[in-house]
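K.L.:
what follows is a predicted structure for the sequence shown.
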Amino acid sequence: MTFELRDELLSNNVRVITEQNTAFMSMSLGLFVDIGSRDEGGDLWGCSHFLEHLLFKGTKTKSSQEISSIIENRGGYLNAFTDRDMTGYHARILSNDQDIAIELLSDMLENSLLRKEDIEIERQVILEEIKQTSDDPSSLIHELYAQNIWRNSSLAHPISGTFETISNMQVENIVEFYMKNYRNNLLVVAAGAVDHEKLVSNIEKYVNRGMGKSVKDRKRPEFYHGKKYIERKLGQVQLCISAPGYPYGSRNSTVQSIISSYLGLGASSKLFQEVREKRGLVYNIYTHNQNLEDVGVFNVIAGTSKEKLIEVIENIVREFEYLKQGIDNKELEIVKHKTIGLYILNSERDMHRMHHLGTSALRTGKPRSMKDVVSRLECVTVEELQRVATEMFKDNKIALTVLGITENEVKDLDNLLE
């Protein structure tokens, strides 16, 4: 399988990144806006996600039903996502439908109507989405850990906003946010059976603006290494142990991914084997990384009973300590093979490649090829892993977030993470 990676800045200041693979018959196309939830503030928490919904509600020439049908009637897939530092609109289509997809996505970003009646309808949809997340403890813990470790910063706020901010967000403020941020922050990425020249031609035809001057004012947050307990009546508690990680572009973030794979990726991982298989303390336990352009975090997330909470945390912390002592080269080679294998298998999906190229370009300034990612992983050494583990799992640098328990019920936890 061969890939041709191209990165071009067009005359209309739109940056276009393509990775062509002629062995495919399909392609994935994404339009990335370099604005996310960390760029909001005040009464606008959740505005980026609100806009993600609204751009599907109709343009000057297409109804919401037509927007959905154009791609789906060709067997394709149309969707979007909002992250803390970007928003993406993407389609997976047959290569012959490339022209249709870029015309549709650019129309959505350029010509969405943002009508008051649509905003009011979608406001209710998002409020239901927020309630759904709140009713799902395994999803909610991801929002709660961010509130804990990045408190008092823009990264602490839920991507979807809060019930209060979405309920009270004014139509004119949404439109103003769109005009300010969607007019000069565009990146186009495609992977698979993409025709680069034709894509460039269509972007110059349909898109009026490019990246322009950034309007972002991002501040790197401090990592708060404290405890947060959220009382709620649940069948089991959800816990997240967080340690400071590394920015996306850092060499150490690659080592962090190896540590994450070793400790909590899949049923063969160390934590799954020790905490679930040997002791039966949890149903599920896994690691989760968040690596942004300026900050990162490493998490271990699990669900257990109140009675077993301390024992679960003790076992997790014990594995941190073991890792700080180092692993042998044989273990490292196994986990590197595992991590690289999973990455390559995922990369055989053009949607994964498109998302990875867009994310790496926005967070580091340069799209990462498969070869580059694999090379970074292959080069990780035993000494590097031990050093990074020692830095990440320093005493007094670990944060704990627990959903489903009160502070009075966990007095014995005070010394565990000190």
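P.N.:
Happy to help now that I have it.

K.L.:
quick one: low-confidence parts of the stretch 201-350 of the chain?
P.N.:
In the predicted model of the stretch 201-350 of the chain, residues 209-215 satisfy pLDDT under 70.

K.L.:
skip the chain neighbours and tell me the closest residue to residue 99.
P.N.:
Among residues not flanking residue 99 along the chain, residue 202 sits closest, at 5.9 Å (C-beta to C-beta, 6 or more residues apart in numbering). Placement of C-beta: from N, CA and C, glycine included.

K.L.:
just the pLDDT for residue 13.
P.N.:
Residue 13 is assigned a predicted lDDT (pLDDT) of 87.

K.L.:
quick check, it in a strand?
P.N.:
No. Counting by DSSP: H, G, I helix; E, B strand; the rest coil, residue 13 is not part of a strand but coil.

K.L.:
re earlier: outside of the helix or strand harbouring the residue nearest to residue 99, which residues touch it?
P.N.:
Using DSSP states H and E, residue 202 falls within helix 196-206. For helix 196-206, the surrounding residues in contact (C-beta atoms under 8 Å, 6 or more residues apart in numbering) are 6, 8, 10-12, 14, 16, 18, 20, 29, 98-99, 102-103, 106-107, 110, 188, 190.

K.L.:
quick one, which of those are buried?
P.N.:
6, 14, 16, 18, 20, 29, 98-99, 102-103, 106-107, 110, 188, 190 (16 or more other C-beta atoms under 10 Å).

K.L.:
so which of those are in strands?
P.N.:
Within the buried ones among the contacts of helix 196-206, residues falling in strands by DSSP state E are 6, 16, 18, 20, 29, 188, 190.

K.L.:
in the helix holding residue 202, which residues are buried?
P.N.:
Neighbour counts over helix 196-206 (16+ other C-beta under 10 Å) mark 196, 199, 200, 202, 203, 206 as buried.

K.L.:
mind exporting that helix as CSV, just the C-alpha atoms?
P.N.:
The C-alpha trace of helix 196-206 is given here as CSV (Å, rounded to 0.1, in the frame of the first residue of the first chain):
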residue,chain,number,x,y,z
HIS,A,196,-5.8,16.3,-5.5
GLU,A,197,-6.0,18.6,-8.5
LYS,A,198,-9.7,18.3,-8.9
LEU,A,199,-10.2,18.9,-5.1
VAL,A,200,-8.0,22.0,-5.3
SER,A,201,-10.0,23.3,-8.3
ASN,A,202,-13.3,22.8,-6.5
ILE,A,203,-12.1,24.5,-3.3
GLU,A,204,-11.0,27.5,-5.3
LYS,A,205,-14.4,27.5,-6.9
TYR,A,206,-16.6,27.0,-3.8
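
K.L.:
quick check: what element follows it along the chain?
P.N.:
Moving toward the C-terminus from helix 196-206, the next element (DSSP H and E) is strand 227-230.

K.L.:
now do the buried residues in that following strand.
P.N.:
227, 228, 229, 230.

K.L.:
likewise stretch 313-321?
P.N.:
Quick answer for stretch 313-321 (16+ other C-beta under 10 Å): 313, 315, 316, 317, 319, 320.

K.L.:
off-centre distance for that stretch?
P.N.:
26 Å (C-alpha atoms, centre = their mean, to the nearest Å).

K.L.:
the residue most central in space within the chain: what's it in contact with?
P.N.:
Taking C-alpha atoms, centre = their mean, the centroid of the chain lies closest to residue 83, which sits 5.6 Å from it. By C-beta under 8 Å, 6+ apart, residue 83 lies in contact with 36, 37, 159.

K.L.:
quick one on the thing from earlier: how about TSV for the ones in strands among the buried ones among the contacts of helix 196-206, with distance to residue 218 added?
P.N.:
TSV is the format used below for these (distance: C-beta to C-beta, whole Å):
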residue	distance to residue 218
6	29
16	24
18	28
20	33
29	27
188	23
190	27
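
K.L.:
can you tell me which of these is nearest residue 406?
P.N.:
Nearest to residue 406 among these, counting by C-beta to C-beta, is residue 29 at 48.7 Å.

K.L.:
gap between that closest one and residue 191?
P.N.:
Going from residue 29 to residue 191 by C-beta to C-beta, to the nearest Å gives 8 Å.

K.L.:
between those two, what contacts are shared?
P.N.:
With C-beta under 8 Å, 6+ apart, residue 29 and residue 191 have common neighbours residue 354.

K.L.:
show me where this protein has strands.
P.N.:
4-9, 15-20, 26-33, 77-82, 87-94, 186-192, 227-230, 237-244, 285-291, 296-304, 399-403.

K.L.:
could I get those strands as a markdown table with distance to residue 46?
P.N.:
Converted to a markdown table, the strands of the chain look like this (distance: least, C-beta to C-beta, whole Å):
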| stretch | distance to residue 46 |
| --- | --- |
| strand 4-9 | 32 |
| strand 15-20 | 27 |
| strand 26-33 | 15 |
| strand 77-82 | 9 |
| strand 87-94 | 12 |
| strand 186-192 | 22 |
| strand 227-230 | 20 |
| strand 237-244 | 22 |
| strand 285-291 | 19 |
| strand 296-304 | 21 |
| strand 399-403 | 21 |
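
K.L.:
so which of those is nearest residue 254?
P.N.:
Judging the strands of the chain by C-beta to C-beta, what sits closest to residue 254 is strand 285-291, at 9.7 Å.

K.L.:
who does the closest one pair up with?
P.N.:
strand 296-304 (antiparallel) (DSSP bridges).

K.L.:
and the strand it pairs with with strand 237-244, angle?
P.N.:
Per axes from the mean of the first three to the mean of the last three C-alpha atoms, to 10 degrees, the angle that strand 296-304 makes with strand 237-244 is 160 degrees.

K.L.:
quick one, strand 296-304 and strand 399-403 angle?
P.N.:
Using the same axes, to 10 degrees: strand 296-304 against strand 399-403 is 40 degrees.

K.L.:
now do strand 296-304: distance to the chain's middle.
P.N.:
Relative to the centre of its chain, strand 296-304 is centred 15 Å away, using C-alpha atoms, centre = their mean.
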